[in-house]
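K.L.:
any chance you could fold what I've pasted below:
(chains A and B)
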Amino acid sequence: GAVVSQHPSWVICKSGTSVKIECRSLDFQATTMFWYRQFPKQSLMLMATSNEGSKATYEQGVEKDKFLINHASLTLSTLTVTSAHPEDSSFYICSAGDRSKMTQYFGPGTRLLVL
Amino acid sequence: AQSVTQPDIHITVSEGASLELRCNYSYGATPYLFWYVQSPGQGLQLLLKYFSGDTLVQGIKGFEAEFKRSQSSFNLRKPSVHWSDAAEYFCAVGNTGNQFYFGTGTSLTVIP
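P.N.:
Here you go, the predicted model:
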């Protein structure tokens, strides 16, 4: 399957700052990328669907002004957590979607800790 | 709306014993079903998937799953568990928009 990378793999920041997480599809052009959030010992929760060149679609309950998603190219999507607070601390995972195969290729995740 | 239920939060099996992890789904149309494994500090790895056709699906690492429409289930099985199988297992359902919805996961412990 395709390789998806995320950067950074972990980040610690102060409350009130913004953090940007990059998701790259290294060998696959992804028209759609997905962002998930995973709390410790819990499942992955789909946050938003990111389509290249258009606005992201957010799941119910996810604040679009809090979690800014940009999908500027077929290989890069970014998630910016704006004005981060301790409750935003979590494991964020992205994936690149291959609709022709109805599958997703997952990145290794980014662990965010907001102090 | 689609959803997935994994009734077992945690399962412990002895090495060499058989394994079955349960998954029930809710989806209005023909589901796309997946099993992923997540080891500590690792990303998600696809074990197997079902789209259509043969209801018994073979995956990697000796895993298989059976789709039962009448029971809305997609249980994962392995005849003989290895210590390296200890991990978190997630069942997921995908919709036609290729969006995935995951169950809450089952943590597998393997005792020697």
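K.L.:
what residues does chain A put near chain B?
P.N.:
A:1, A:32, A:34, A:36, A:41-46, A:49, A:93, A:95, A:97-99, A:102-104, A:106-109 (C-beta under 8 Å from any C-beta of the partner chain). Every C-beta, even on glycine, is put in place using the N, C-alpha and C of the backbone.
K.L.:
tell me which parts of chain B are close to chain A?
P.N.:
B:32, B:34, B:36, B:42-44, B:46, B:49, B:51, B:90, B:94, B:97-105, B:107.
K.L.:
follow-up on the earlier one: please pick the buried ones from the residues of chain A next to chain B.
P.N.:
Among the residues of chain A next to chain B, the ones that count as buried by 16 or more other C-beta atoms under 10 Å in any protein chain shown are A:32, A:34, A:36, A:43-46, A:49, A:93, A:95, A:97-98, A:102-104, A:106-107, A:109.
K.L.:
in the sheet, who's paired with the residue most central in space within chain A?
P.N.:
By C-alpha atoms, centre = their mean, chain A has its centre lying nearest to residue A:35, at 3.6 Å. Bridge pairing for residue A:35 (DSSP bridges) gives the partners residue A:48, residue A:94.
K.L.:
got the contact list for it?
P.N.:
Contacts for residue A:35 (C-beta atoms under 8 Å, 6 or more residues apart in numbering or on different chains) come out as A:23, A:46-48, A:50, A:67, A:69, A:77, A:79, A:92-94.
K.L.:
can you rerun that using 7 Å?
P.N.:
By C-beta atoms under 7 Å, 6 or more residues apart in numbering or on different chains, the contact list for residue A:35 reads A:47-48, A:50, A:69, A:79, A:92, A:94.
K.L.:
hmm, residue A:110 is touching residue A:6, no?
P.N.:
Yes: assessed by C-beta atoms under 7 Å, residue A:110 is found in contact with residue A:6 at 5.0 Å.
K.L.:
among the residues of chain B next to chain A, name the buried ones.
P.N.:
Neighbour counting with 16+ other C-beta under 10 Å marks B:32, B:34, B:36, B:43-44, B:46, B:49, B:90, B:94, B:98-105 as buried within those.
K.L.:
leaving out the residues flanking it, which one is nearest to the residue positioned nearest the centre of chain B?
P.N.:
Geometric centre of chain B, nearest residue: residue B:35, 3.6 Å, by C-alpha atoms, centre = their mean. Leaving aside its sequence neighbours, residue B:35 sits nearest to residue B:47 (C-beta to C-beta, 6 or more residues apart in numbering or on different chains; 4.4 Å).
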